[in-house]
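# output the structure for:
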Amino acid sequence: MEHQQSLNKKFQDSSIDCAICLEPLASSNCVTLSCGHKWHLNCLKEQLEHAQPNYTHRLLFTGCRCAKCEQFCDHEQLQHLTRTVDILREKVDRLVEEQWQIEAPQLWDKRAAAANSKEKERLLEQGRQKFAFYLCKSCDEPYFGGTIECADNLLEEAHGSSSGLCPSCAPQSQLCCRHPLQHRGYHVWKCRYCCNPSQYVCYGTVHFCKSCHDRNSQRVQQQQQEQGSTAKPPPLDGIPCCPDTCPFPKPKDQDHHLNGPEVSCEQVYYCAVCESSSVIPQEAPGSQNFIQNPSGQLGLQGWQSMSRGRFSWKVETSEIPASEHSTTNFVSSYQWCVMGQRISLVELVRDPSSVQIEVSAKFMGRTDCPSVFMMEAIVLNRQQQPIQRAQTGPMNAPVDFWETARLVVGPIPGAHEVIMVIRGKDERFWQGDFGSKAANCSVRILGSQEELDTILLSSPANQQNPPPRRNRRGRIDYDALRNKWLDIFAPLILLLFLLLLSFRDERLSA
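Have a look, this model is predicted:
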């Protein structure tokens, strides 16, 4: 910085014309900016007035820079126009830091950033080029609104469907959160176009789940391919809510969700910090949990480690129990820890090809070490070949409260078994068990009690024909089966052998 200032003091702009209006500099009052470049004062004022932040577009500060060197305009006669922008830029940089700490905490280690100002500035600049920020219509504060890549696509149409309010001022947040400003990072929003919880925010205030975000990306590509045509691409359709099977809380005085491009389709399901019981999603009706040892109360019994090397899930006593019935949970390390459990559908249901299967787990992180969690459901056919996979993708583990990951698969023709797989690790590569935690792992068959009575194998039949016992890895214990059959047939074989000996002795004596 000192080197740049010394260069600016030595630099003298030799231009004779203003690069904005192309008129001679001597024709009007001109100023020299701190970078050394000369401009007409009125031209700079007009440029800065047009560059003032507004509520209809994402925040852009390019118009506040010198057009020759891209340094921010700085002159005492322009302070009434630059002061507001300078304050806003500082607030945006703080939001960039906050977003880096959420998305990639290992890149924004506070200690490394404090010791290396160049590295901090490099990451700040990357964040300015990646993240999109907007100005709230209510509080005039900037807020995070997705990525620039999304923001610059379908700009006019997208902002026509934006509320222009930051998460703290949005009425949806205030309905279920006592402190919407402090808790804004813990609000679980509904996807605008379906009932699933959102994973993305784009265009400022439009929330998407992964599936709808992918659909919108395809729509953007279609629009880009038709740029030469006057026809507009079709709007993104909402997926209708099914009130009888949707497990998520409905808006007040409504029996279904509104899904579509309108602002009224936005909803906050709950604030994870406030943990309001009135808005926590209810469990979908279904069978009992078929996972053995769902929270580690039996160590790792029933689970098969799928990790590479020496890294594996362990069991610890829960500091915050996931439920009133569990006192332990699984915990991962600083490399991916992977384990799974196999459930035989043919031993549980009459027709595995006709059922919906829910795979779920609760996960959480630590206050001092950010971590990530993933969950996958793999459906196998009779030949033990995967015929469908579903996964959550990497999710940042929340701090000091349990979040629920949920997948629903099926019906799947040819389904024979399902494998539940959980993965976890920390984000700072700390030696020890500081990764994401997991508990209440579950595999259930969805359906009403009447449906389950016809889908599930009946209890008397199961008692008369118990399924083969399984070993610790969830596979059939063939040694136990062999010993059982030996106990039954060994005496019969011995008796037959003795009869043959007796018959031979009689033949010899005759």
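
# what residues are up against the spatially most central residue of the chain?
The centre of the chain sits closest to M395, judged by CA atoms, centre = their mean, with a distance of 4.3 Å. Contacts for M395 were tallied using CB atoms under 8 Å, 6 or more residues apart in numbering; they are F363, V372, F373, M374, E403, A405. Quick note: C-beta positions are derived from backbone N, CA and C, even for glycine.

# wait, the first one sits on A438?
By that I understand F363. Yes - contact criterion CB atoms under 8 Å: F363 and A438 qualify, at 5.1 Å.

# any shared contact partners between these two?
With CB under 8 Å, 6+ apart, F363 and A438 have common neighbours F373, G424.

# which of the contacts of M395 has the weakest pLDDT?
In terms of pLDDT, the lowest of the contacts of M395 is E403, showing 85.

# poorly predicted segments of the stretch 401-510 of the chain, please.
429-432, 458-487, 508-510 (pLDDT under 70).

# ranges for the strands of it?
Using DSSP state E, counting those that start in this stretch, the strands of the stretch 401-510 of the chain run over residues 403-409, 417-426, 437-445.

# which helices and strands does the last one pack with?
The reference is to strand 437-445. Judged by 3 or more CB pairs under 8 Å, 6 or more residues apart in numbering; DSSP states H and E, the packing partners of strand 437-445 are strand 328-331, strand 337-344, strand 357-364, strand 417-426.

# 10 Å - rerun?
Contact here means 3 or more CB pairs under 10 Å, 6 or more residues apart in numbering; DSSP states H and E; on that basis strand 437-445 packs against strand 328-331, strand 337-344, strand 357-364, strand 371-380, strand 403-409, strand 417-426, helix 449-455.

# check contacts around P413.
When contacts are counted by CB atoms under 10 Å, 6 or more residues apart in numbering, P413 touches P352, S353, S354, N381, I387, Q388.

# buried residues, the helix or strand hosting Q129. List them.
Here Q129, judged by DSSP states H and E, is contained in helix 117-130. Across helix 117-130, burial judged by 16 or more other CB atoms under 10 Å covers K120, L123, L124, G127, R128.

# state the next helix or strand along the chain beyond it.
Where DSSP H and E defines the elements, the next helix or strand beyond helix 117-130 is strand 131-135.

# partners of that following strand, with directions?
Strand pairing for strand 131-135, using DSSP bridges, gives strand 142-147 (antiparallel).

# by contact count, what packs against whatever helix or strand comes next after the partner strand?
Going down the chain from strand 142-147, the next helix or strand is helix 148-151, by DSSP H and E. In terms of contacts (3+ CB pairs under 10 Å, 6+ apart), helix 148-151 is packed against helix 117-130, strand 131-135, helix 155-160, strand 200-202, helix 210-225.

# make it 6 Å
Taking 3 or more CB pairs under 6 Å, 6 or more residues apart in numbering; DSSP states H and E as contact, there are no helices or strands that helix 148-151 lies on.

# export it as CSV, just CAs?
Output in CSV follows, covering the C-alpha atoms of helix 148-151 (Å, rounded to 0.1, in the frame of the first residue of the first chain):
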residue,chain,number,x,y,z
ILE,A,148,-23.0,-13.8,-9.1
GLU,A,149,-23.2,-16.6,-11.6
CYS,A,150,-26.9,-17.1,-10.7
ALA,A,151,-27.6,-13.5,-10.2
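
# quick one: contacts of it?
With contact meaning CB atoms under 6 Å, 6 or more residues apart in numbering, helix 148-151 is reached by R58, A132, C202.
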